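A.B. asks: what's the 3D shape of this:
(chains A and B)
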Amino acid sequence: MTGGSAARALILSCATALAAAAQAPPDVRLEAGYARVEQTGFAPADAALFAVFWRKPTDRWTLFTSGNLTYARDSLAAAQVVAAFAVPWEANEHLRTDFGAAGASFSLRSAGRGGNGSGFLRQHYVRDEWGLWFGTAAGITERDGVRTRSFAGDLGGWTRWRFMYASASLSRQNSDDWLLLLAAGQERAPLAASYELEDWQLVAQARRGPHELSASWTKRRSVAGSDVNVDAVALSGSLQLSDRLAFLASAGRQLSDPLRSLPQADIVTASFRVSLGPKPLPVMQRATIAEVRLHPRAEGGAELELRVEAHDTLAVEVAADFSQWKPLPMVREGDEWVVRVALPPGKYRIGVRANLGPWRAPRNLARVRDDFGGESGLIVIP
Amino acid sequence: MSMHRRVLTLVSLALASVSAVPALAQGPVVLPIADAKARVAVEREIARAAARGLPVQPLIAKAMEGVTKQATGERIQVAVASAAKRLEQARTLLAPSTSVAELTSGADALAIGVPGAMLKQIRAAWPVERSVAMPIDVLTELVARGIPARHALEQITVLMARGATPSQIASLGTSVQADVAAGLAPDAALEVRARGVMSLLPSPAAAAASAPSGQRRP
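C.D. replies: Residues are numbered from 1 along each chain as shown, chains lettered A, B, ... in the order given. Predicted coordinates:
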């Protein structure tokens, strides 16, 4: 595939995403920037990056689509389109199933020309402060007339403490895409029909308001078919410069990914992201940012105190049935937004949202569905 | 003025201003729904509910919630119609209760899937002149926390039969909430807390003896 057809694929994906975006108010982001790519046996290459990200939540699921293009004049070009669904379970609020598919076309100096398709299915168990997942994926690559197949399984867990996130995962990949392995300077075992890799990965992430900093470490070793034994470290961050503009940077090693036919490379990127639509900043994590406390009053009822842990650049709103669903004014106290209301005994429903995102229940309240595709927190005051 | 007082004052002002916004059951209701066709339909739905003798405050609140949550006019109309239907069901199930609080509580319980028969059971557990809004609200909260409705109902009706006050029943929900936040399974938290409340109540025999005769419904 040439750089021209990669560009056509990207334009098609952008057009599809933008056409869909026109029908609803989704979260749309455009990203453009520069990348420097180093691969074993080749001189470093400069490349241009362009990406479109589109996210549309509905009552019961969220659709993510994205398209991206990496292009350099010396035949380093790749275009990728991804569509993924996140579907929460009706029967259990802690369960969520993600599935999706990705397609790519590429013309790479280290790994030939061709196309790739892959799909994944992942089951999550999600609590407020931690979660677990396991999943499986499969991919087919056609490169220079040769078809290869890859399979993977992974499991992992994550935890959060205030603004810090950490995750650990283990994945195994089986593939007969030898070219990717050889392009990374690895040896093929004599007579081996396929190879199997095992990755241990640790990721630490800090999120402060709309800003993010992430670091990952991956230890890859061969299980069969090769002598791979490699470490990879990568750093990335985003700095929100204004409501709609963010600066992103990353540096580190990208290990080969047989599922998506990505070759191993050391990559440095710098780009700008423009957010369009009614949700200019990333929406905060659901329900985890707000908490309700009750302080009983001598005269009956209680003072309800709602605390929202959010950066002071975020627009945080609280509405409830006791305010006839009019947003209540909040004040800044330390790192939190706070509102206090004296209420008589009774049942109340409360919603919180950040940056015009979906209305969510405070994390320590019972959650009930509203009639508008969202949810509210429910509390009974003695 | 301390920060704490200032917040309370601000909120009081906000509440005072919003409480004056909808003309609650006093003359025609004008709702801030942008879609004129949907607005007329919602207002007609509310007028129909009023004509059937249903309280309109919960319906206006539902419409205002939809407006705040930027729902489409059509969706607000469907939500208000559903809420009116649930209020009517609650009125039948909780008869002869007709208070706004009880009907609203009953309708909200039905909305999260509490079976209608359970509302009847709760109504039957207390004399008719005693509001069952709080026991129904606690049942709704416990069910929303994932506690099986049958189990939650059992604990609440036992407390009602033992002479627990609405405040004691409400504190059951608050305590379960605290336990769940501390990591206890909702079911186990309810068991523990219900026993705690019961230890403060008179024995079943004493509760029966102190109940005024003729007040208990069959």
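
A.B. asks: Show me chain A divided up by domain.
C.D. replies: As given by automatic domain parsing, the domain ranges for chain A are A:3-276, A:290-381.

A.B. asks: Make JSON lines out of those and add mean neighbour count.
C.D. replies: All C-beta spots, glycine's among them, are computed from the backbone N, C-alpha and C. Below are the domains of chain A laid out as JSON lines (neighbours: other CB atoms under 10 Å in any protein chain shown):
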{"stretch": "domain A:3-276", "mean neighbour count": "17"}
{"stretch": "domain A:290-381", "mean neighbour count": "19"}
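
A.B. asks: Go through those domains and find the least confident stretch.
C.D. replies: Mean pLDDT per stretch puts domain A:3-276 lowest among the domains of chain A, at a mean of 81.

A.B. asks: chain center to it, what's the gap?
C.D. replies: Centroid separation for domain A:3-276 versus its chain: 10 Å, with CA atoms, centre = their mean, to the nearest Å.

A.B. asks: element containing residue 82?
C.D. replies: Using chain A. Using DSSP states H and E, A:Val82 falls within strand A:76-88.

A.B. asks: You answered for a different chain; I wanted chain B.
C.D. replies: Using DSSP H and E, B:Ser82 falls in helix B:73-93.

A.B. asks: List the buried residues for that helix?
C.D. replies: Within helix B:73-93, the residues scored as buried using 16 or more other CB atoms under 10 Å in any protein chain shown are B:73, B:75-81, B:83-84, B:86-91, B:93.

A.B. asks: is any part of the strand holding A:Val82 close to chain B?
C.D. replies: No - remark: strand A:76-88 sits outside contact range of chain B, by CB under 8 Å from any CB of the partner chain, the gap being at least 14.4 Å.

A.B. asks: Against which helices or strands is that strand packed?
C.D. replies: Where contact means 3 or more CB pairs under 8 Å, 6 or more residues apart in numbering or on different chains; DSSP states H and E, strand A:76-88 is packed against helix A:3-23, strand A:62-72, strand A:95-108.

A.B. asks: ok and it relative to strand A:95-108, angle-wise?
C.D. replies: For strand A:76-88 against strand A:95-108, the angle by axes from the mean of the first three to the mean of the last three CA atoms, to 10 degrees is 170 degrees.

A.B. asks: and A:Arg29, how far is that from A:Phe53?
C.D. replies: As judged by CB to CB, to the nearest Å, A:Arg29 and A:Phe53 stand 4 Å apart.

A.B. asks: Ignore what I typed, I meant A:Ala72.
C.D. replies: 22 Å.

A.B. asks: just B:Ala152 next, same as before
C.D. replies: Note on B:Ala152: its distance to A:Phe53, by CB to CB, is 43 Å.

A.B. asks: what's the answer for A:Trp325, then?
C.D. replies: Relative to A:Phe53, and taking CB to CB, A:Trp325 is found at 31 Å.

A.B. asks: Please apply the same query to B:Leu94.
C.D. replies: 50 Å.

A.B. asks: do the same with A:Arg293
C.D. replies: Computed with CB to CB, the distance linking A:Arg293 and A:Phe53 is 37 Å.

A.B. asks: Quick check: B:Ser131 touching B:Glu102?
C.D. replies: Yes - with contact defined as CB atoms under 8 Å, B:Ser131 counts as touching B:Glu102 (5.8 Å).

A.B. asks: Neighbour count: those two, which is higher?
C.D. replies: Comparing B:Ser131 with B:Glu102 by other CB atoms under 10 Å in any protein chain shown, the one with more neighbours is B:Glu102, at 23 against 15.

A.B. asks: Quick one, grab the pLDDT at the nearest residue to that one once chain neighbours are set aside.
C.D. replies: Distance criterion CB to CB, 6 or more residues apart in numbering or on different chains; nearest residue to B:Glu102, sequence neighbours excluded, is B:Ala133 at 4.8 Å. The score at B:Ala133 is 93. That number is its pLDDT.

A.B. asks: how about B:Ala133, what does it touch?
C.D. replies: Applying CB atoms under 8 Å, 6 or more residues apart in numbering or on different chains, we find B:Ala133 in contact with A:Gly346, A:Lys347, B:Ser99, B:Ala101, B:Glu102, B:Thr104, B:Ser105, B:Pro166.

A.B. asks: tell me the secondary structure for the fourth one?
C.D. replies: Read it as B:Ala101. helix (DSSP: H, G, I helix; E, B strand; the rest coil).

A.B. asks: so what's it up against?
C.D. replies: B:Ala101 touches A:Gly346, B:Ser131, B:Ala133, counting by CB under 8 Å, 6+ apart.

A.B. asks: Select from those residues every entry located in helices.
C.D. replies: B:Ala133 (DSSP state H).

A.B. asks: Spatially nearest residue to B:Pro58, not counting backbone neighbours?
C.D. replies: Per CB to CB, 6+ apart, closest to B:Pro58 is B:Thr104, 4.7 Å.

A.B. asks: Which parts of the stretch 51-200 of chain A are helices?
C.D. replies: All helices of the stretch 51-200 of chain A, identified by DSSP state H, counting those that start in this stretch, fall at A:178-183.
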